[in-house]
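Student: Fold the following, please.
(chains A and B)
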Amino acid sequence: KAGVTQTPRYLIKTRGQQVTLSCSPISGHRSVSWYQQTPGQGLQFLFEYFSETQRNKGNFPGRFSGRQFSNSRSEMNVSTLELGDSALYLCASSLPSGAPDTQYFGPGTRLTVL
Amino acid sequence: QQPVQSPQAVILREGEDAVINCSSSKALYSVHWYRQKHGEAPVFLMILLKGGEQKGHDKISASFNEKKQQSSLYLTASQLSYSGTYFCGTENNQGGKLIFGQGTELSVKP
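Tutor: Numbers count the residues shown, from 1 in each chain, chains lettered A, B, ... in the order given. Purely as a prediction, here's the structure:
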């Protein structure tokens, strides 16, 4: 099975712009979670989507939003970019099965905000 | 609430053992352990469930103490390939969000 894919892998944007990141989960996985990873903060949970609905949400401002499509692919959008948004954005997919599920991470999108 | 991991970093010689702890201030439903090598995505190691027992494969095992709301990851006879950052992730309820600790950087030297 193909793993989780994320596009693009690298992005450079300037302050004030907006950006959309894409995540394609493993075939058959219906849950997609997004994380922001920075050296000082570790892995910070952004949100989780399951069957096109946001199931869980982290403590990020409203500039961060996401959605999931009927094929389980997910997009994350960040509007009005700030310097502090520079980070590695990881998505992870899981079944879910009703029991705690293994999350499979994609390679991430490295966002640099100048 | 983000779980707290300790230590933040550890340096080992090949063959030595290490323990990484993960503590939460809230009741836990499950604990997940991942390892991330530099420049790569986190890779799943194991999940421990509330009411579950100690788990392990190869020389890496983990325990889950519900009363203390903590989990420990045990690395025995460490190998160079064990180097990386170890993250614990915790769920407070079934279907809840998976929140990760700040990570423990492990370096194994020859």
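Student: Point out where chain B drops to low pLDDT.
Tutor: B:52-57 (pLDDT under 70).
Student: For chain A, what lies in contact range of chain B?
Tutor: Within reach of chain B by C-beta under 8 Å from any C-beta of the partner chain, chain A has these residues: A:4, A:33, A:35, A:41-45, A:48, A:55-58, A:90, A:92, A:96, A:98-100, A:102-108. Just so you know, the C-beta spots here come from the backbone N, C-alpha and C atoms, and that holds for glycine as well.
Student: What about the residues you listed, which are in strands?
Tutor: Using DSSP state E, the members of those that fall in strands are A:33, A:35, A:42-45, A:48, A:55-57, A:90, A:92, A:104-105.
Student: For PyMOL, what selects the buried ones among the residues you listed?
Tutor: Buried residues within those, by 16 or more other C-beta atoms under 10 Å in any protein chain shown, are selected in PyMOL with:
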select buried, chain A and resi 33+35+42+43+44+45+48+55+56+90+92+104+105
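Student: Report the lowest-confidence entry in the ones in strands among the residues of chain A next to chain B.
Tutor: Sorting these by pLDDT puts A:G42 at the bottom of the list (84).
Student: isn't that residue right next to B:G103, touching?
Tutor: Yes: between A:G42 and B:G103 there is a contact at 5.0 Å, judged by C-beta atoms under 8 Å.
Student: Now do the shared contacts for these two.
Tutor: Shared contacts of A:G42 and B:G103, defined by C-beta atoms under 8 Å, 6 or more residues apart in numbering or on different chains, are found at B:F87.
Student: among the ones in strands among the residues of chain A next to chain B, which two are most distant?
Tutor: The widest separation within these, taken as C-beta to C-beta, falls between A:G42 and A:R55 and amounts to 21.9 Å.
Student: quick one, what contacts A:F45?
Tutor: A:33-35, A:56, A:58, B:97-100.
Student: With adjacent residues omitted, what lies nearest to it?
Tutor: In this structure, A:F45 finds its nearest non-sequential neighbour in A:G58, 4.0 Å apart by C-beta to C-beta, 6 or more residues apart in numbering or on different chains.
Student: How about B:Q2?
Tutor: The spatially closest residue to B:Q2, leaving aside those adjacent along the chain, is B:I99, at 5.7 Å (C-beta to C-beta, 6+ apart).
Student: need the contact list for the one you found.
Tutor: B:I99 makes contact with A:45, B:1-3, B:89-91, according to C-beta under 8 Å, 6+ apart.
Student: beta partners for the spatially most central residue of chain A?
Tutor: The residue lying closest to the centre of chain A (C-alpha atoms, centre = their mean) is A:W34, at 3.1 Å. Beta bridges link A:W34 to A:F47, A:C91, judged by DSSP bridges.
Student: Do I have it right that it meets A:C91?
Tutor: Yes: in this structure A:W34 lies within contact range of A:C91 using C-beta under 8 Å: 5.2 Å.
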